[in-house]
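In: Need a 3D model of the following:
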Amino acid sequence: MSQTGSGRFKRIVWPMAIAQTLLWAGAFYLFPALLGAWEQEFGWSKQALTGAFTIALLLSAVVAPAVGRAIDRGLSLAVHPTAAVLAALALAALAMVNELWQFYLAWAVLGVFMGGALYEPCFAIITLYMGSRARQAITLVTLLAGFAGTIAFPTAHALMSTFGWRGVMLAFAAAIALVAAPLLFYAVSQAQTENPAPPEPPAPNTGKQVATGVRPVLLLLGLAFAAIAFNHGSLIAHLLTLLAERGVGTEVAVLGVAMIGPMQVTGRLAMIALERYLAPVAVALAAFAALMLASLALYGVGPSGASGHASSGGTPMLLVAFVLFQGAGFGVLSILRPTLIAELLGRRRFGTIAGFLAVPFLTAFALAPSLAGMIWARAGYDAVIAGAGGTALIGFIALALAAKRRQA
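Out: A predicted model of the protein is given here:
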C-alpha cells in the first residue's frame, strides 16, 4: 500500500479526530454528565438508569461484526457518516422521553448506531486505507478524542442551567449531525479516493491454516481484548467509592480519577516517541504489565486491614502510581488493538476480523461495572482489585501466546 502524503494524512485524520471527539462527548460521556439530572427529574434509580447504558454498549458490540463486514465490502462511506447522523437523531429522541421504557428504547437505538460511529469502525477504516501510517493516525485520533470527557462535562453543566438537560441533548445532537457527520463523510471520501485499498493479495491465512494457525490467534486476541476492557471498566466504575472506603479524601479521590484521562494521553504520546524502536506486541505486553502494577499500587492505597482505616505515609504515592500505570497502560492498549490485529492477523478482511474482536471488548466493558459490583457485594473491594490485576495477567499471557503462535 502506498504511503499517504502529509497533506492527505491531514485531510483524513484531523476531520476524523474532531468527529470522534464530538461523537464520544455526545454519545458516551453525556450519560454520566446527565445521570444526576435524570435521577432528580424522574426519580429513577441509578441501577435503572445505568441499565439502559449497559444495553446500549452491548448492542454496539452485537452490530460490530456486521459493520466490519460492510467496511470490508467498500461501504465505509455509507456506514460511518450515516451511523453518526442516526446517532444524532437518537440523541434528539432522548430529549423527548418521559417514561423509563422510552429512555431504554432510545438508548438501545443509540447503541446500535454507536457501533457504526465510534472507534471500532473508525479504526478499521484507518487501518484499511492509511497503510503504514495507520498506527500514527489512530494515535492522533485518540489523542484528540481523549478530551471528549473534558468537553462533555463542563459544556453540559454550563448549558443545563439555561436550557435544561433536554436542551443539552439537542445541542450535542446538533453538533454531531451538523459537524461530526459531515467531517466523517469528507474524511472517508478522501481516504477512498486518494488512497484506495488495493485488491486483497494472496495471504497465508487461507485453507487449513485458518483452523490450525489463525483461529487460535483470533481467540487469544479476543481474550486479551476482553481482559483490557474488564480490568479498566471494573476499576473506573467503582473508583470513587473504592477510594472512599479505603479512607482517601473526596478531593484527592476526584483529582486522582480526573488525572487518569491525561495519563492515557501521556501514555499515547510516549508510544509515539518510541514506536519506531519497539514492536507493537512488546509495547502491548509492557502496557499489560503496567495494569498489573496499577492494581498492586491500588491494593496498597489505604488498605482495609484489621485496623479498618487507611494507612498514612504511602497512600499518596501509591495513588499516584496507580493513576500513572492505569492511565498509561489502558491508554496505550486501547489504541493498539487495531495495530495488534494487523500485526498478528494481517489486513486481509480486516474490518470483519476487527468487528468480531470488538464483541468481547465491548461486552466486557459493558458488563464490568455490574460484575465488579457483584464481586464487591460478596468479597469487598480487595477482591475487585485482585480480580482486575488477575485479568490483566490473563491478558498478558493471552497476547504472549498469540504472538508465539503467529511466529510458529
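In: measure the residue most central in space within the chain to residue 43 for me?
Out: Central residue of the chain (CA atoms, centre = their mean): residue 334, 6.1 Å from the mean position. To residue 43, residue 334 is 36 Å away according to CB to CB, to the nearest Å. Bear in mind the C-beta positions are built from the backbone N, C-alpha and C, glycine included.
In: Secondary structure element holding the residue nearest to the centre of the chain?
Out: helix 315-345 (DSSP states H and E).
In: In contact with the residue nearest to the centre of the chain, which residues?
Out: Taking CB atoms under 8 Å, 6 or more residues apart in numbering, we find residue 334 in contact with 142, 228, 264.
In: Nearest to residue 291 among those residues?
Out: residue 228 (7.9 Å; CB to CB).
In: nearest residue to that closest one other than its sequence neighbours?
Out: Once flanking residues are discounted, residue 228 sits nearest to residue 333: 4.9 Å by CB to CB, 6 or more residues apart in numbering.
In: confidence score at the one you found?
Out: Residue 333 carries a pLDDT value of 92.
In: Surely it touches residue 289?
Out: No - Residue 333 is beyond contact range of residue 289, at 11.0 Å (criterion: CB atoms under 8 Å).
In: May I have the residues that are in contact with residue 295?
Out: Counted by CB under 8 Å, 6+ apart, residue 295 has contacts 231, 235, 385-386, 388-389, 392.
In: just the buried members of the residues you listed?
Out: 231, 235, 385, 388-389, 392 (16 or more other CB atoms under 10 Å).
In: if we take these, which one ends up nearest to residue 9?
Out: The closest of the buried ones among the contacts of residue 295, once distances to residue 9 are taken by CB to CB, is residue 231, at 32.5 Å.
In: Which element is encountered next along the chain beyond the least confident helix or strand in the chain by mean pLDDT?
Out: Among the helical and strand segments of the chain, the one scoring lowest on mean pLDDT, DSSP states H and E is helix 208-209, with a mean of 38. Per DSSP H and E, the first helix or strand lying C-terminal to helix 208-209 is helix 215-236.
In: Can you mark which positions in the helix or strand that that next one is followed by are buried?
Out: Going down the chain from helix 215-236, the next helix or strand is helix 239-245, by DSSP H and E. Residues of helix 239-245 classed as buried under the neighbour-count rule (16+ other CB under 10 Å) are 239, 242-243, 245.
In: can you list these in TSV and add pLDDT and distance to residue 13?
Out: Formatted as TSV, those follow (pLDDT from 0 to 100; distance: CB to CB, whole Å):
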residue	pLDDT	distance to residue 13
239	82	32
242	86	37
243	86	37
245	85	43
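In: how about the residues you listed in JSON lines, adding distance to residue 102?
Out: JSON lines is the format used below for those (distance: CB to CB, whole Å):
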{"residue": "239", "distance to residue 102": "31"}
{"residue": "242", "distance to residue 102": "33"}
{"residue": "243", "distance to residue 102": "35"}
{"residue": "245", "distance to residue 102": "36"}
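In: Pass me the low-pLDDT residue ranges in the stretch 1-150 of the chain, would you?
Out: 1-5 (pLDDT under 70).
In: Outline the domain layout of the protein.
Out: Following automatic domain parsing, one gets these domains for the chain: 7-194, 209-407.
In: Just the mean pLDDT for stretch 367-377, thanks.
Out: Mean predicted lDDT for stretch 367-377 stands at 86.
In: chain center to it, what's the gap?
Out: 19 Å (CA atoms, centre = their mean, to the nearest Å).
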